[in-house]
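# predicted model, plus sequence, below.
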Amino acid sequence: MPHHTQTFRKNAACLAAGIALAFGASALSSIAPAQAQTTLRVAMTAGDIPDVTGQPDQGFEGYRFVGYTLYDSLILWDLSRSDVEASLTPGLATKWEIDPKDSKRWIFTLRKDVKFHDGSDFNADVVLWNISRLTDEKVPHFNAKQFASMRTRTVNIDRAEKVDDHTVAIITKEPDSLFYVQMSFWMMISKAQFEKAGSYEKYAQMPSGTGPYRFAGMVPRERLELTRNETYWNPKRIPKHDRLVLQPMPEATTRAAALLSGQVDFIEAPSPDTIARLKSSGMQVITLPYPHNWHYQFNFVDGPFKDKRVRQAANYAMDRGEMVEMLNGLAQEGYGTVPPSSPYFGKPVLYKLDPKKATALLKEAKCYPCEVTLAISTSGSGQMQPLPMNELVKSQLEAVGFKVKLEVMDWNALLDVTFKGREKFPAYHAINVSRATQDPFSGIFRFAMRKQWAPAGGNWGHYQNPEIEKLITEIYNTFDQAKRDAMITRVHEIMNADAAMLFVTHDLNPRALSPKVKGFVQAQSWFQDLTPITVGTTN
């Protein structure tokens with residue numbers, strides 16, 4: 001067994017042993033018991049309750065548990081199947097299309113007879129109000145924090161227009177054949193409820209959406225309680241349980257202990273070292289490939305990773321098989337920005353483990369030893385098991401000639417680094433932020449485009465390639481899907497040739513559920529539908 005794996009197995013044993021201690025830990029003493037037989041209690045990896053005022057924070061875990069529960073977007077994700085990657089489906093818009101006379105004008109037909117939880121109507125005026133709150137700093141309801149987090153998706157919006165009460169047009173600055181995907185991330189909040197509250201601080205105490213759950217109460221850092229929306233516009237998605245309780249638990253051993261002791265019913269990202277214990281106790285452990293990567297974005301302006309040879313050396317240093325082994329098989333080896341199951345994977349350069357080549361490249365680049373600082377988090381949405389994983393990456397890099405410093409911070413702090421970009425944090429040479437890859441923009445373009453340079457978008461390290469710029473411009477002007485897909489694949493291949501990221505692994509999205517929980521279908525998505533779940537009693 002490799003030395004690194006032995007070391008981490010020892011550490012893992014310590015983590016597993018901690019479960020027994022966690023049963024009596026004071027951390028659990030503040031968790032109230034289930035209020036009813038039909039209460040679903042979820043332990044999140046987040047360190048706090050996600051923002052409830054529209055666009056959630058806490059990464060895509062915030063969208064999973066708050067965004068798509070309290071709220072709806074114009075376009076939703078079909079999360080009803082596990083056998084295929086989740087696809088888009090009508091939400092608060094029943095139809096969307098490009099204006100045949102104008103390639104920059106998208107027309108959305110809105111769903112009729114939809115009410116917000118406060119009883120107010122959903123209509124075109126509300127949609128325009130929601131768009132302005134994240135794009136126009138001159139309006140009184142502008143939300144600067146959410147504008148910053150959504151900027152990567154709103155930067156191409158020029159304006160929005162009301163066609164009639166149930167039709168809106170969104171005009172982009174430049175043609176964007178994939179723009180409609182962005183509207184699946186835009187939560188529609190109640191204009192009437194916000195105006196009643198008068199501020200986002202007060203609105204946070206009384207949020208109102210159109211989603212399948214209603215706000216019932218919140219204790220910061222402890223719990224968010226939601227109740228079933230009996231009048232939800234989609235009868236098939238009215239929750240089959242009465243109450244949903246969301247609890248932040250960033251420590252993996254605490255989450256496992258809470259599930260084993262009956263304090264919660266559903267946990268995110270159980271530690272690989274607790275899986276055997278969970279299964280032997282009758283818990284359901286579910287894994288499934290999904291569009292995800294656990295990679296690092298490089299700083300292309302400051303520090304050693306400006307040199308392609310250093311980026312390639314880092315990739316050749318990765319023993320991805322050892323990483324998968326350390327995770328007890330709950331991951332796939334990662335060799336590209338998107339996983340091999342993606343239609344855009346193509347035939348990229350595959351940086352297989354080659355320590356000698358890695359060392360030679362560092363020496364050729366005159367960076368030996370090569371000092372780098374990596375920004376990482378303690379936990380977070382899709383971050384898997386970031387502390388032991390980053391320690392293993394550090395040891396593998398140092399084995400070929402790097403000298404690595406890990407800057408550890410909580411998830412929201414790392415997201416702040418990510419949104420603000422490398423210019424605000426030049427001391428960081430790479431950041432470790434897990435990424436969703438369910439659409440071309442989310443998975444590829446936002447890390448490659450010049451226009452997406454942070455803080456304007458998701459290109460944290462300011463990567464650029466002229467050939468990619470030309471291809472993406474052509475992609476956005478191409479409405480033939482087959483031609484567009486071929487060009488997207490080529491962009492992915494070029495990024496790999498440039499070693500645009502440190503490719504490490506793809507997650508298998510593990511969850512553990514109490515045997516009382518029935519009806520959950522794990523989708524191949526970062527998002528999940530909790531509404532079909534029933535909560536019974538154990539035999």
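Received the coordinates, thanks. Numbers count the residues shown, from 1 in each chain.

# residues contacting the residue nearest the centre of the chain?
Note on the chain: the residue nearest the mean C-alpha position is Phe60, at 3.2 Å, using CA atoms, centre = their mean. By CB atoms under 8 Å, 6 or more residues apart in numbering, Phe60 lies in contact with Ser381, Gly382, Ala436, Trp526, Phe527. Where you see a C-beta, it was placed from the backbone N, CA and C, and this is true even at glycine.

# and the pLDDT for the nearest residue to Asn143 once chain neighbours are set aside?
Once flanking residues are discounted, Asn143 sits nearest to Arg133: 5.6 Å by CB to CB, 6 or more residues apart in numbering. What the model reports as pLDDT for Arg133 is 97.

# how much space separates Arg133 from Lys196?
The gap separating Arg133 from Lys196 is 15 Å, by CB to CB, to the nearest Å.

# who has more neighbours out of those two?
Arg133 (23 against 14; other CB atoms under 10 Å).

# among the contacts of Phe60, who's most crowded?
Ser381 leads those on contacts (other CB under 10 Å) with 27 neighbours.

# tell me how far that one lies from Met44.
In terms of CB to CB, Ser381 sits 8 Å off from Met44.

# next: Ser442.
Counting by CB to CB - Ser442 and Met44 are separated by 21 Å.

# on that earlier part again, for Tyr463, state which of the contacts of Phe60 is nearest.
Ala436 (18.2 Å; CB to CB).

# the closest one against His295, yeah?
No: the pair Ala436 / His295 is not scored as a contact, 12.0 Å apart, by CB atoms under 8 Å.

# residues touching His166, list them.
Counted by CB under 8 Å, 6+ apart, His166 has contacts Thr109, Leu110, Arg111, Lys112, Asn123, Ala124.

# re earlier: any idea which element the residue nearest to the centre of the chain lies in?
For Phe60, the element it lies in under DSSP states H and E is helix 59-62.

# so after the one helix or strand Ala486 maps to, what's the next helix or strand?
Counting by DSSP H and E, the element that carries Ala486 is helix 481-497. Next helix or strand after helix 481-497 toward the C-terminus (DSSP H and E): strand 501-507.

# pairing partners for the helix or strand just after that next one, with directions?
Using DSSP H and E, the helix or strand that directly follows strand 501-507 along the chain is strand 511-513. In the sheet, strand 511-513 lines up against strand 266-268 (antiparallel), strand 284-286 (antiparallel) (DSSP bridges).

# quick one: strands adjacent to the helix or strand that the last one is followed by?
Scanning the chain past strand 284-286 towards its C-terminal end, the next helix or strand to appear is strand 292-298 (assignment: DSSP H and E). Strand 292-298 has the following sheet partners, assigned by DSSP bridges: strand 430-432 (antiparallel), strand 435-436 (antiparallel), strand 501-507 (antiparallel).

# if we can go back for a sec, narrow the contacts of His166 to those in strands?
Thr109, Leu110 (DSSP state E).

# re earlier: and the strands paired with strand 511-513, which is most packed in?
Mean neighbour count (mean count of other CB atoms under 10 Å) peaks for strand 266-268 among those, with a mean of 26.

# avg pLDDT for that strand?
97.

# I'd assumed Pro510 was in contact with Ala331.
No: Ala331 is beyond contact range of Pro510, at 9.3 Å (criterion: CB under 8 Å).

# comparing the two, which shows the higher neighbour count?
More neighbours surround Ala331 than the other of Ala331 and Pro510, with 27 against 23 (other CB under 10 Å).

# chain neighbours aside, what residue packs nearest to the residue nearest to the centre of the chain?
Nearest non-adjacent residue to Phe60 (CB to CB, 6+ apart): Trp526, at 4.4 Å.

# and Ala216, by the same measure?
Ala216 sits nearest to Glu225 (CB to CB, 6+ apart), 4.2 Å away.

# stretch 139-158 - what's its average pLDDT?
92.

# which residues touch it?
So stretch 139-158 is contacted by 51, 53-55, 57, 104, 129, 131-137, 170-174, 176, 179, 182, 185-186, 191, 194, 200, 415, 419, 441, 446, 451-452, 455-458 (CB under 8 Å, 6+ apart).

# make a PyMOL selection of the buried ones in those residues.
Here is the PyMOL command that selects the buried residues among the contacts of stretch 139-158 (16 or more other CB atoms under 10 Å):
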select buried, resi 51+53+54+55+57+104+129+131+132+133+134+135+170+172+176+179+182+185+186+191+194+200+415+419+441+446+451+452+457+458
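
# now, which of the contacts of stretch 139-158 lie within helices?
Secondary structure defined by DSSP state H assigns Trp129, Ile131, Ser132, Arg133, Lys191, Phe194, Tyr200, Leu415, Phe419, Phe441 of the contacts of stretch 139-158 to helices.

# list the contacts of the first one.
Think Trp129. His141, Lys191.

# make it 6 Å
Lys191 (CB atoms under 6 Å, 6 or more residues apart in numbering).

# roughly how far does it sit from Phe194?
Where Phe194 is concerned, Trp129 sits at a distance of 9 Å (CB to CB).

# between Ser381 and Met44, what contacts are shared?
Common neighbours of Ser381 and Met44 (CB under 6 Å, 6+ apart) are Glu61.

# quick one: the ones in helices among the contacts of stretch 139-158 as JSON lines, columns for distance to Met326 too.
Shown next, in JSON lines, are the ones in helices among the contacts of stretch 139-158 (distance: CB to CB, whole Å):
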{"residue": "Trp129", "distance to Met326": "49"}
{"residue": "Ile131", "distance to Met326": "45"}
{"residue": "Ser132", "distance to Met326": "48"}
{"residue": "Arg133", "distance to Met326": "44"}
{"residue": "Lys191", "distance to Met326": "49"}
{"residue": "Phe194", "distance to Met326": "47"}
{"residue": "Tyr200", "distance to Met326": "42"}
{"residue": "Leu415", "distance to Met326": "25"}
{"residue": "Phe419", "distance to Met326": "30"}
{"residue": "Phe441", "distance to Met326": "32"}
